[in-house]
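In: Provide a 3D model corresponding to the input given below.
(chains A and B)
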Amino acid sequence: MKLQEVIDILGAQTLVNGVDADVVVESACGADLMSDVLTYAKAGALLLTGLTTVQVIYTAEMADIRAICFVRGKKPPEETVSLAQSKKITLVKTSLPMFESCGKLYRHGLKGCSET
Amino acid sequence: MMSDETSPVPTTGKAQELIYELRVEQAMTRDVVAVTPDNTMDDLRNIMREKQISGTPVMEGDALVGIVSIEDLIKSLAQGQPQAKVRDKMCRNVVTLYADEPIVRALNRFSSYRYGRFPVIDRKSRKLVGMLTKGDIVHCLMKRLETNRIHAELRHYRPGHLFEDISSDESTLTLRYRITGGDFDKAGHGSSTLKNSLLTIGIHPETTRRITIASYEAEMNIVVFTQGGDLIATIEPDGVTVHAVDNGPGIPDIDLAMQPGYSTAPDWVRELGFGAGMGLPNIKNNSDEMTITSTVGEGTNLKFTVHTTV
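Out: Numbering: from 1, shown residues only, chains lettered A, B, ... in the order given. Got it, this is the predicted structure:
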């Protein structure tokens, strides 16, 4: 699924344009526990999370995740935004909660990390 | 050197070009810390510790009269002579480099002599203008290759080539990152820098991913549980090993700590997305070898290796 489709489906707002919106995300991972992301997420996945600390950006960097969606309308602090800019990681936010965000994307055919 | 046929390897060529193009003065340290022949070996010890260096030139006024290194210091301490003068312990047979020589010539010197550092002299004035270590060369090359990588996204660069270029009798590169305990704004920065360096050197992205996921977990443990520690990455042609060392409280029961889900982390750590007892199991899963030793009240020494994917 193209990143732009993710943005459309979730009615999301782009905060940082790290990668091109035409980039395809192969799978997605929804978690607030960064250790779980490090354990299960595939390279190139989309990360959906309710956590907005800089550790989210570092986690994405280590796991080769290029796009992050903050759920429940969470607004990341300035340090998180500027770190994402320097790492060229896309940040978007949606007002939908975690379960609904994941459900909508899954219904549109985006696979989970154990399915790819 | 052969390149991978399916993916041309311009970075390798670039590293080779660079060692001919770059001059010693572009890689050397200009801010030279020197001692005098009248300093004691104990003075030297303090200077080395304070400046975090492993050797200095010995200067008498403007003249370079010798060089003294950590090996000389250890010898004199072992002989019980901390008050000995530098003049009696230094090496007088100083081999120097000229500032305008190409790096490749410096590399030859490093392999012909087993010295860790060379003073750099200006060819005309004959004055000391800097010091050069192998580490200086590696950092200078990495900086140049980094610029190259960002511009061209060259990732298919086989590891080991850089080592063949820079070293003949020893092919190890060590990168050290100081991790500050309790500094959550920076927690992750060490592993982030390590990741960038590994990709720059040309370590395979999948190997890099595994090693830095493990090092990030190790870094979080140091930040959360200790006053601070070090991540020391040793890069060899066949793999990358990380030592995560701290002087923290230690782990009373390692088997228990290795169990997924077991955690002694305080609640605030969960707000950072960690502390759910997945750290050590995750490090083990991402590495090919892992050993951990720990003494309560003294600290923990964690070591893990990921073999290079060629």
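In: return the residues in contact with A:Thr59.
Out: A:Thr59 makes contact with A:34, A:37-38, A:47, A:65, B:188, B:216, B:273 under the criterion CB atoms under 8 Å, 6 or more residues apart in numbering or on different chains. All C-beta spots, glycine's among them, are computed from the backbone N, C-alpha and C.
In: from those residues, which has minimum pLDDT?
Out: Within the contacts of A:Thr59, B:Gly273 has the lowest pLDDT, namely 89.
In: the closest residue in space to that residue that isn't next to it in sequence - how many residues pack around it?
Out: Using CB to CB, 6 or more residues apart in numbering or on different chains and skipping residues adjacent in sequence, the residue nearest B:Gly273 is A:Met34, 3.2 Å away. A:Met34 has 31 neighbouring residues, counting by other CB atoms under 10 Å in any protein chain shown.
In: and for B:Leu107?
Out: B:Leu107: 17 surrounding residues under other CB under 10 Å.
In: averaged pLDDT, the host helix or strand of it. What do you get?
Out: Using DSSP states H and E, B:Leu107 sits within helix B:103-112. Averaging pLDDT along helix B:103-112 yields 86.
In: partner strands of whichever helix or strand comes after it, parallel or antiparallel?
Out: Using DSSP H and E, the helix or strand that follows helix B:103-112 towards the C-terminus is strand B:117-121. Applying DSSP bridges, strand B:117-121 is found paired with strand B:97-98 (parallel), strand B:128-133 (antiparallel).
In: deepest in the core, which of those is it.
Out: Comparing these by mean neighbour count (mean count of other CB atoms under 10 Å in any protein chain shown), strand B:128-133 ranks first with a mean of 21.
In: just want the angle from that one to helix B:103-112.
Out: On the basis of axes from the mean of the first three to the mean of the last three CA atoms, to 10 degrees, strand B:128-133 is oriented at 60 degrees to helix B:103-112.
In: may I have strand B:128-133 as CSV, with CA atoms only?
Out: Written as CSV, here are the backbone C-alpha positions of strand B:128-133 (Å, rounded to 0.1, in the frame of the first residue of the first chain):
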residue,chain,number,x,y,z
LEU,B,128,55.6,19.9,14.4
VAL,B,129,52.1,20.7,13.1
GLY,B,130,50.1,17.7,14.1
MET,B,131,49.8,14.0,15.1
LEU,B,132,48.4,11.1,13.1
THR,B,133,46.9,7.8,14.4
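In: show me which residues of chain A are close to chain B?
Out: Applying CB under 8 Å from any CB of the partner chain, one finds that chain A approaches chain B through A:32-39, A:43, A:49, A:51, A:53-59, A:61-64, A:79, A:87.
In: and the residues you listed, which are buried?
Out: A:32-39, A:49, A:51, A:53-59, A:61-64, A:87 (16 or more other CB atoms under 10 Å in any protein chain shown).
In: buried sites along the helix holding B:Leu107?
Out: B:103, B:106-107, B:109-110.
In: do the same with stretch B:17-31
Out: Buried residues in stretch B:17-31, counted by 16+ other CB under 10 Å: B:18-19, B:22-29.
In: can you give me the end-to-end distance of it?
Out: Stretch B:17-31 stretches 27 Å from its first residue to its last (CA to CA, to the nearest Å).
In: contact partners of it?
Out: Stretch B:17-31 is contacted from outside by B:97-107, B:120, B:129-133, B:136-137, B:139-141, B:144-145, B:165-166, using CB under 8 Å, 6+ apart.
In: what segments of the chain are helices?
Out: Using chain A. A:3-10, A:34-40, A:54-62, A:78-87, A:98-107 (DSSP state H).
In: um, chain B though
Out: For chain B, the helices defined by DSSP H cover B:10-21, B:24-27, B:41-51, B:70-78, B:86-89, B:103-112, B:134-152, B:161-166, B:189-201, B:205-225, B:254-258, B:267-270, B:279-286.
In: Throw the ones you listed into TSV and include distance to A:Asp20, thanks.
Out: Below are those laid out as TSV (distance: least, CB to CB, whole Å):
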stretch	distance to A:Asp20
helix B:10-21	24
helix B:24-27	36
helix B:41-51	46
helix B:70-78	51
helix B:86-89	60
helix B:103-112	38
helix B:134-152	17
helix B:161-166	31
helix B:189-201	20
helix B:205-225	19
helix B:254-258	42
helix B:267-270	34
helix B:279-286	29
